[in-house]
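> just to be clear, the model below is a prediction. Sequence and coordinates:
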There are 2 protein chains.
Amino acid sequence: MPDAPVTSAILVIGDEILSGRTKDRNIGYIAEYLARVGVEVREARVVPDVEDEIVVAVNALRARYDYLFTTGGIGPTHDDITADAIAKAFGVEIGEDPRALAIMSERYPPGDFTPARRRMARIPAGADLVDNPVSKAPGFRIGNVIVMAGVPSVMQAMLDHAIQGVKGGAAMLVETIEAGGVPEGKYGDALAEIAKARPAVAIGSYPSFQDGTFRNQIVVRAREAAALAEAKAAVAAMVARLRGDDLPL
Amino acid sequence: MPDAPVTSAILVIGDEILSGRTKDRNIGYIAEYLARVGVEVREARVVPDVEDEIVVAVNALRARYDYLFTTGGIGPTHDDITADAIAKAFGVEIGEDPRALAIMSERYPPGDFTPARRRMARIPAGADLVDNPVSKAPGFRIGNVIVMAGVPSVMQAMLDHAIQGVKGGAAMLVETIEAGGVPEGKYGDALAEIAKARPAVAIGSYPSFQDGTFRNQIVVRAREAAALAEAKAAVAAMVARLRGDDLPL
C-alpha cells in the first residue's frame, strides 16, 4: 500500500492577474515543481488584493490540503497586503521582524531603507522566514502556508528554499503515450474501458492544436511502477490497434 | 454615477493544469479580453476533473458573480465530464442535443461519428449552444455560465461568439505610468497617499524582473476619464519628483 498522497493548493494574489495585465506563470511552475517531488496540487485560485478575499481563500485552502503555496502581494507598496491578510487568517499579530530587518539592512543603506521598504519586513508572529537570494526581502512560512513573492524569478528562488521543509509524498510516476495519428474521438471509448478497469491508475487524454495540426497524448500516472507499466502497455496496444483514422478529433 | 461594474469569474477545469503538464493560458487571455469589454474578473479557480469539485466551484462562483466562464473538459474522452457536472450543478437533465448532433454530423461521416465523439453532443437541458468554428463540437451557455473548450485556440474562437450575449459593463479606463529608474521602495509611501485620497481610482504598482533589470510600472484604473487623468497626473508628478534613487526595489 503506497503512502497517502501529500496534497497542496496554490493561491495567486494580485489584481494584475485578474485584469489580464500580467499573465500568471506561477501556477504552472509550482504545479510542475511539486509534481516532481511527489506533492499533488489539487486546486488553484487567483484572488484580488482585497484582505477579506485573501483571508477567506487562505483559510479554506489551508484547512483542506497539507500545504498552501501563495504568490504575490509581499512587496513594498500599499497594495501589498498579503502578510497582513495571512496574519489575520491565522489570528496572530504582525510587525516588523528583527530577522527580516537585519537581512534587509544589509541591502539598503540607512537613508534608502524607506518606510515602504520596511513594509517588506512585516512578518506574522510565529512564522519562519524563507530566503530570497534574488532581492533579499524574505518570504515566510506559517503553519502549513508558504508565502512567496509574485515576480516569477524571485518566487522560483524562494521555492527552492521553502521546499526543503515540505514533506515529500511518494513521487507519482508518469508515462506519456503519443496517440499520433489516432484522434481522441476514435480511442475515447476504448480508453474509458482501460481507465475504468484500473482504479489505481489515473489516465488523461490531452489534445493540443498547433501549426494547424491536432496532436494527442495519453498520460498515465500511478504510484507503483508495476501498475504504471501494465497500464501503459494496455494504452499503447489500444493505440496501435486503432491507427489509421485520419480525422483530427 | 457610473454603472455598477459587471463581474465575472473564470473556472479552469482539468487535471493537466494542476499536474503542471499543461500550462494554463486561458485565465490570462479571458481576463484581458473581458477587461477590454468592461467585465471585471474578480476570481479564478483551477479544479481537477472530479465531478464534486466542479459542481461546488460552479455553484459558488455563479452565485457570486454576474458571469462564470469555464474552460476544459468538454472533449470526447472519459475524463471530459464538465457538461455532466454543469447539469448537476444546475439540477437539470443532460442528453444528446439534436442541434449539437446536427452540427457534428456535418463534420463526421456516419462511420466515424463514434460514441466518444457523440459525448461532445451532450448538452444540459435549457442551454444555448456556443459556436465552435475551429472544430465544430459546440460549447454552451446555461444561465450565467458560459462553458468553453480547454484548447486555447478553440476557446478563443468560442469566446468571440459567447461574448455577444454578455452584458458589457462600463469599460474600465486604464493608464500606465513608467516609473523607470524610480524603485518601488522609494515611491511606495507617496503612492499609498495618492491612492488613499482617490477611492474611485484603483492604483497598482507592478515590478517585473527581466534580463537582470527591475522595471516598475504604475497602473491607474478608473471608470471616469476626468478622475483617471487627475490621478495619472498626480502619479506622474510624484515619479518625476523622486527620480534619482538607483536601488532596484
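That came through, no problem. Residues are numbered from 1 along each chain as shown, chains lettered A, B, ... in the order given.
> going forward, measure contacts between C-alpha atoms and count neighbours the same way
Fine.
> count of residues packed around A:Ile27?
28 (other CA atoms under 10 Å in any protein chain shown).
> with just CA atoms, put the helix or strand containing it into CSV.
In the assignment (DSSP states H and E), A:Ile27 maps to helix A:26-36. Output of helix A:26-36 as CSV, limited to C-alpha atoms (Å, rounded to 0.1, in the frame of the first residue of the first chain):
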residue,chain,number,x,y,z
ASN,A,26,3.5,30.8,-11.2
ILE,A,27,0.7,28.2,-11.1
GLY,A,28,2.2,26.2,-13.9
TYR,A,29,5.7,26.4,-12.5
ILE,A,30,4.8,25.5,-8.9
ALA,A,31,2.5,22.7,-10.1
GLU,A,32,5.2,21.1,-12.2
TYR,A,33,7.8,21.6,-9.4
LEU,A,34,5.6,20.0,-6.8
ALA,A,35,4.6,17.1,-9.0
ARG,A,36,8.3,16.3,-9.4
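> moving C-terminal of it, what's the next helix or strand?
strand A:39-47.
> mean confidence for that next one?
Averaged across strand A:39-47, the pLDDT comes to 97.
> would you put the C-alpha positions of that strand in CSV?
C-alpha atoms of strand A:39-47 as CSV (Å, rounded to 0.1, in the frame of the first residue of the first chain):
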residue,chain,number,x,y,z
VAL,A,39,3.2,16.7,-3.8
GLU,A,40,-0.1,16.8,-5.6
VAL,A,41,-1.7,20.1,-6.4
ARG,A,42,-5.4,19.7,-6.0
GLU,A,43,-6.7,23.2,-6.6
ALA,A,44,-5.5,26.7,-7.5
ARG,A,45,-7.2,30.1,-7.0
VAL,A,46,-6.5,33.7,-8.1
VAL,A,47,-7.8,36.4,-5.8
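> need the residues that contact whichever helix or strand comes after that strand.
The first helix or strand that comes after strand A:39-47 along the chain, using DSSP H and E, is helix A:51-64. Here helix A:51-64 makes contact (CA atoms under 8 Å, 6 or more residues apart in numbering or on different chains) with A:9, A:11, A:13, A:45, A:47-48, A:68, A:81-82, A:85-86, A:88-89, A:144-145.
> ok, now stretch A:188-203?
By CA under 8 Å, 6+ apart, the surrounding residues in contact with stretch A:188-203 are A:218-223, A:227-228, A:231, A:234-235, A:238, B:76-78, B:115-117.
> what's the longest helix in chain A?
If you go by DSSP state H, chain A has its longest helix at helix A:225-242.
> list the buried residues in the helix or strand of chain A with the lowest mean pLDDT.
Sorting the helices and strands of chain A by mean pLDDT, DSSP states H and E puts strand A:202-210 at the bottom, at a mean of 76. In terms of neighbour count (16 or more other CA atoms under 10 Å in any protein chain shown), strand A:202-210 has its buried residues at A:202-207.
> over to stretch A:73-85?
In stretch A:73-85, counting by 16+ other CA under 10 Å, buried: A:73-85.
> any idea how far that stretch is from the chain center?
20 Å (CA atoms, centre = their mean, to the nearest Å).
> with stretch A:116-136 instead?
21 Å.
> ok, stretch A:40-51 next?
With CA atoms, centre = their mean, you get 10 Å for stretch A:40-51.
> likewise for stretch A:28-43?
With CA atoms, centre = their mean, you get 5 Å for stretch A:28-43.
> does chain B have contacts with stretch A:223-232?
No: shown here: stretch A:223-232 not in contact with chain B (CA under 8 Å from any CA of the partner chain), separated by at least 14.2 Å.
> all helices of chain A, in order?
With DSSP H as the criterion, chain A has helices at A:15-18, A:26-36, A:51-64, A:82-90, A:98-107, A:115-119, A:152-162, A:184-196, A:225-242.
> and those as JSON lines, adding mean pLDDT and distance to B:Ile27?
Listed next are the helices of chain A as JSON lines, based on pLDDT from 0 to 100; distance: least, CA to CA, whole Å:
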{"stretch": "helix A:15-18", "mean pLDDT": "96", "distance to B:Ile27": "8"}
{"stretch": "helix A:26-36", "mean pLDDT": "93", "distance to B:Ile27": "11"}
{"stretch": "helix A:51-64", "mean pLDDT": "98", "distance to B:Ile27": "18"}
{"stretch": "helix A:82-90", "mean pLDDT": "98", "distance to B:Ile27": "21"}
{"stretch": "helix A:98-107", "mean pLDDT": "93", "distance to B:Ile27": "34"}
{"stretch": "helix A:115-119", "mean pLDDT": "91", "distance to B:Ile27": "30"}
{"stretch": "helix A:152-162", "mean pLDDT": "89", "distance to B:Ile27": "17"}
{"stretch": "helix A:184-196", "mean pLDDT": "91", "distance to B:Ile27": "25"}
{"stretch": "helix A:225-242", "mean pLDDT": "93", "distance to B:Ile27": "32"}
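> fine, thanks again, bye for now.
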